[in-house]
Every structure is written in C-alpha cells, then in structure tokens.
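[1] My questions concern the predicted model and sequence given below.
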Amino acid sequence: MKYRHAYHAGNFADLHKHVALIALLRLLQQKDKGLLFVDTHAGRGRYALGGGEARMTGEALAGAGAVLTALQGRTDVEPELADYAAVIAGWRRASGARHDYPGSPLIAAQLLRPQDRGVAIESQPAEFEALRKALGREARVTAEHGDGYARLRALLPPATRRGLVLIDPPYENSRADFRAATAAMRAALERFETCVIAIWYPVKDARDTDRWLQELARELARPACAAELWVHPPDSRAGLNGSGLVVVNPPWHFAQRCEIWQAALWPMLARVGAGSGGGSRVVSLTGERR
C-alpha cells in the first residue's frame, strides 16, 4: 500500500467528510434507539499536524487549520460548521493534543451515546496498531484488524436495525476502488436495505466521477444523493480537485442542509488560496428525502 493518509490528514477533503459525518450522526441520533457505526477503512485514527508528513504537504493548514481558525469566535456560522469546530476542539482538549487531528473513528467515539456502538476496521498492521492505541479503552468504538468489506457481511444488520457505514478506501487504483465500493454498498443494502451508507470519493476528473454517479443512479432502488466540494475546477489537471460523498438512505433534510453548509464552507477555503473555479453541489441520484 503506497497511500499514507498522514500526509493528507486535515486537508479540505477530510474537513468536508468529517463535517458530513458529524451531521449524519447527529441526525440519526434524533431518535433514542441505538445505532451501529462501521468505518471500513479506519486508518490510524490520530494524526499529528504539527510536524512530519502533514507539515511536508501543508494540506492541513489550508484545510481544517484555516477553517477552524476562521470559525473561532464566530456565532453567525451554519450549525454544522460550528458543531464540527466544537467536536474537534473537544477532542483536542480531552486528548491534550492541540496540534493533532482525529480521524473518523475518533470523531465517532466522541459522539456515540451509551446505546450506540462503533466498529473501526483497518487492514494494514501498523495502521491498525496505531488505531488501537488511539482509541485506547474507548468502549463505544472497537478497533478490528481485517478487511472492512468482508466484515460488513458479519456486522449487518445490527440488532437495532439502525446504522451508518462509512466507506473510505484509499483509491490507489481508482477504478478498482470505485468498483469495490459499489459492490460493498450493494452487498450491505441486500442485508440491510435501510442502512445509511456514506461513500467518500475523490474528484479528480469530473467525467469519471459523473460516469460512476450515473451508474449508481441506474442501479439504486433506495434514496441517495451526492455532495461535492471542489477547490479547483472538477476537470482540471491539479490532481485532487474535490471531495465527494455519496449518501444512500440520507436522513431527512440532510441533502438540503448539506447544500447550505457546503456553500458556506467554500468561501472559507477560497480565502486561503484554494484556487479559482471551485464550488460545491448536491445532486439527487434517486428521489432522496430532502
């Protein structure tokens, strides 16, 4: 495996994904009944932004770092962005690490209630060991070493019949990872048709991602939407132009709210030189509830 998320932790794509993740969990937790959170590609869980790999790229400074700074002391921001800033600040206080950044498993661990539980799965041995240590004795999220896609078959459906699955592969081989994510989504829905599934994907060439979204729309029988945030034109040669998230069975009003907070988030990134031609969109893949 060549991809190492430590170089990219806290970048605009992490920011986008984590605001959406927190929003999804909050919406699902409007009901008292417990839920299962599954992270199929959990990573190491905790990332140092003050040095090492993150400092080499500088992506965190122009992503989460810039936005968290912009949000400080403001009361006029969308609630999803304020909630994201509060969750990150709360984790940093609790962990005593001002310059570290939590991955999805540690963010979920902050939010899960006593009646909820989480499973964070990582296949790479060194990353798994780091994840296990990062979670520590956190009883609500369990670290597992294995194939996240394979584990979905055993974990779904949960007894509570409520769940959120985050699928976030490395996309080292983009075509293969898109196919694998689609197959995992299909298998999960066969076992648990009302499961909320969030698939993160990179926007490198809009023609490729639009083709994939069209394929999903043709086969999905459940409500779904795609939310995208770009820091460069989606068809440019910049590399990672944008961050996307397909959400199947989105909670009520998720897509509508996503349009609003994405539109508020983009100008914050633009002010720190994210590039011209960026923006955001939320599109329906089926007749999703808004």
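    Good, I have the coordinates. Numbers count the residues shown, from 1 in each chain.

[2] Disregarding flanking residues, what is the spatial nearest neighbour of residue 142?
    residue 119 (5.4 Å; C-beta to C-beta, 6 or more residues apart in numbering). (Each C-beta comes from the backbone N, C-alpha and C, glycine too.)

[3] partner strands of the one helix or strand that neighbour maps to, parallel or antiparallel?
    Per DSSP states H and E, residue 119 falls inside strand 117-122. Strand pairing for strand 117-122, using DSSP bridges, gives strand 36-39 (parallel), strand 141-145 (parallel).

[4] can you list the residues that contact the helix or strand just after the first one?
    Proceeding C-terminally, strand 36-39 gives way to strand 46-48 as the next helix or strand, assigned by DSSP H and E. Contacts of strand 46-48 with the rest of the structure, by C-beta atoms under 8 Å, 6 or more residues apart in numbering, involve 5-6, 9-10, 54, 95, 97, 99-103, 106, 130, 134.

[5] tell me the two of those that are most distant?
    Farthest-apart pair in those is 5 and 95; separation 18.1 Å (C-beta to C-beta).

[6] Between those two, which is the more surrounded one?
    Counting neighbours by other C-beta atoms under 10 Å for residue 5 and for residue 95 shows that residue 5 has the greater number, 19 against 14.

[7] Could you report the pLDDT at that one?
    As predicted, residue 5 sits at a pLDDT of 68.

[8] show me what contacts residue 186?
    Contact partners of residue 186, counting by C-beta under 8 Å, 6+ apart, are residue 219.

[9] so how far is residue 195 from it?
    12 Å (C-beta to C-beta, to the nearest Å).

[10] Can you check what angle separates the next helix or strand after the strand holding residue 119 from strand 141-145?
    Sequence-wise, the next helix or strand downstream of strand 117-122 (DSSP H and E) is helix 125-135. Counting by axes from the mean of the first three to the mean of the last three C-alpha atoms, to 10 degrees, helix 125-135 points 170 degrees away from the direction of strand 141-145.

[11] hmm, back to that, bridged to the residue nearest to residue 142, which residues?
    Under the criterion used (DSSP bridges), residue 119 bridges to residue 38, residue 142.

[12] Torsion angles phi and psi at the residue of the chain most remote from its centre?
    For the chain, the residue at maximal distance from the C-alpha centroid (C-alpha atoms, centre = their mean) is residue 73, at 25.2 Å. Backbone torsions of residue 73, given as degrees, to the nearest 10, read phi 80, psi 0.

[13] which residue packs closest to residue 8, ignoring adjacent ones?
    residue 59 (5.5 Å).

[14] So what's the residue count around that neighbour?
    22.

[15] what ranges of the stretch 101-250 of the chain fall below the confidence cut-off?
    238 (pLDDT under 70).

[16] Residue 155 and residue 283: what is the separation?
    In terms of C-beta to C-beta, residue 155 sits 29 Å off from residue 283.

[17] Just want to know which of the two has more residues nearby.
    residue 155 (19 against 16).

[18] re the thing from before, show me what contacts the residue farthest from the centre of the chain?
    With C-beta under 8 Å, 6+ apart, residue 73 has no contacts at all.

[19] Which parts of the chain are helices?
    12-28, 52-57, 59-60, 66-71, 79-95, 104-111, 125-135, 148-155, 174-191, 206-219, 254-270 (DSSP state H).

[20] model confidence over the last one, on average?
    Looking back up the chat, that one is helix 254-270. Regarding helix 254-270, the rounded mean pLDDT is 92.

[21] same thing with the first one?
    When pLDDT is averaged over helix 12-28, the result is 97.

[22] nearest residue to residue 233 other than its sequence neighbours?
    Closest to residue 233 by C-beta to C-beta, 6+ apart is residue 277, at 3.6 Å.

[23] confidence score at the one you found?
    pLDDT recorded at residue 277 is 71.

[24] Much appreciated, bye for now.
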